[in-house]
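Asks: 3D, please:
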Amino acid sequence: MTLRVGVLGYRFMGKAHANAMARLPMFFPDAPDVERGVLVGRDEAALAAAADRLGFEEISTDWADVVESVDVFYNLGPNHVHAEPSIAALEAGTPVFCEKPLAPTLDEAEEMAAAAREAGVPAGAAFNYRFVPAIRYAKELIEAGELGEIHHVRGRYLQDWLVDPEAPWSWRNDAEMAGSGALGDLGAHTVDLVRFLVGDVARVSGQLTTFVDERPVEGSDETRPVTVDDAYTAQIELENGAVGTLEASRFANGHKNDHTIEINGSKGSLRFSLERLNELELLSEGDRGYETILVTDEDDPYVDHWWPPGHVIGWEHTFVHENYEFLSAVADDGAFEPGFEDGLAAQRVLAAIEESDDRGEWIATE
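Replies: Numbering: from 1, shown residues only. The predicted model follows:
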């Protein structure tokens, strides 16, 4: 069986997933056969050039013509176009893979999750950092009780691409299209890793900040207002009693793509940074300090598909792992995690952080 895939979006994430689909038959022999069928976008000329470059057979400027004609639909467009095409595909019985955050608003995320429940087909949320071998290894350690009772979790996602006030305006700076700024774009990943590794968040106390109120429109003398956050911080309490802090910023000078998580337990601790994604720092019970473990052995998660031990993998490999798991679930009519329920759970935390900032008080996530 060959899965014919339709993909909405051909820029950053479109490239990442097209690359992943191309790599699958080379490194995952048991992966389903995949046909990069239809690439969807608005600009026909740019779309045709992207389809040629990314290996798609056809193009379409209307997603409505695609969602019923493909075996799988990938929604990699801006946040404000997540809900309608994804729901339409699910109503047609087409499995959907959607970028994060699941939607700009909690209401839309709830509608998408409800559509996925009703459809009963795989509906994946794009939290690719679950598929980093070091993160999978960290989860194994936690579930085996190596860290003991979890007391603290600290997650941060720092970038600096908006430090310059003259950096151009984009849809990511607009609340109508993005929903939120660093909170949704970066914080969604951190919230999902906290849930994946430690457990659900019970309540939050958050703060959002915008440092630059308007930005120039590229190619013109105009400016447009920035209506989302540039950074957020939050205190969290988990359902299991652990406490933690979350943070994300696009103004953290010197940090390009620094997604880190630290977990402290009664027996040990661990630390991970995306900028050193092949490594996990581990403090085991009785040790005096952290040990840096290179997570590239054959028996480490996914690593046997790639290179000899010690030959590191990169950011793009997380998408190969993610696509392998999702497309295999589609082919086998099986389950896939993280799904739309996970996307919805993360969205509830994001919405609670926004509400906390607005009201100045702790907010429960349910």
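
Asks: contacts and neighbour counts: CA atoms only from here.
Replies: Noted.

Asks: Can you name every helix or strand that the longest helix seen in the chain contacts?
Replies: Across the chain, the longest stretch assigned as helix under DSSP state H is helix 340-359. The elements that helix 340-359 packs onto, with contact taken as 3 or more CA pairs under 8 Å, 6 or more residues apart in numbering; DSSP states H and E, are helix 106-119, strand 123-125, helix 187-197, strand 201-209, strand 363-364.

Asks: quick one: low-confidence parts of this protein?
Replies: Judged against pLDDT under 70, the chain has no low-scoring part.

Asks: Where do the helices of it begin and end?
Replies: Applying DSSP H to the chain gives helices spanning 12-27, 44-54, 83-91, 106-119, 133-143, 175-178, 182-185, 187-197, 315-331, 340-359.

Asks: nearest to Arg36, of those helices?
Replies: The closest of the helices of the chain to Arg36 is helix 12-27. By CA to CA, the value is 7.6 Å.

Asks: quick one: contacts of the closest one?
Replies: The contact list for helix 12-27 (CA atoms under 8 Å, 6 or more residues apart in numbering) reads 7-8, 31, 33-34, 36, 54-55, 76, 305-306, 316-317, 319-320, 323-324.

Asks: domains of this structure?
Replies: Domain assignment for the chain by automatic domain parsing gives 2-128, 132-308+343-359.

Asks: Looking at those domains, spot the one closest to Val330.
Replies: Evaluated over the domains of the chain, closeness to Val330 peaks at domain 2-128, with 6.1 Å, by CA to CA.

Asks: From Phe340, how far out is the residue positioned nearest the centre of the chain?
Replies: Geometric centre of the chain, nearest residue: Phe127, 3.1 Å, by CA atoms, centre = their mean. According to CA to CA, to the nearest Å, Phe127 and Phe340 sit 11 Å apart.

Asks: and the closest residue to Ala64 other than its chain neighbours, how many neighbours?
Replies: Nearest non-adjacent residue to Ala64, counting by CA to CA, 6 or more residues apart in numbering: Pro85, 7.2 Å away. By other CA atoms under 10 Å, the residues close to Pro85 number 23.

Asks: ok, now how distant is Pro85 from Val67?
Replies: Relative to Val67, and taking CA to CA, Pro85 is found at 7 Å.
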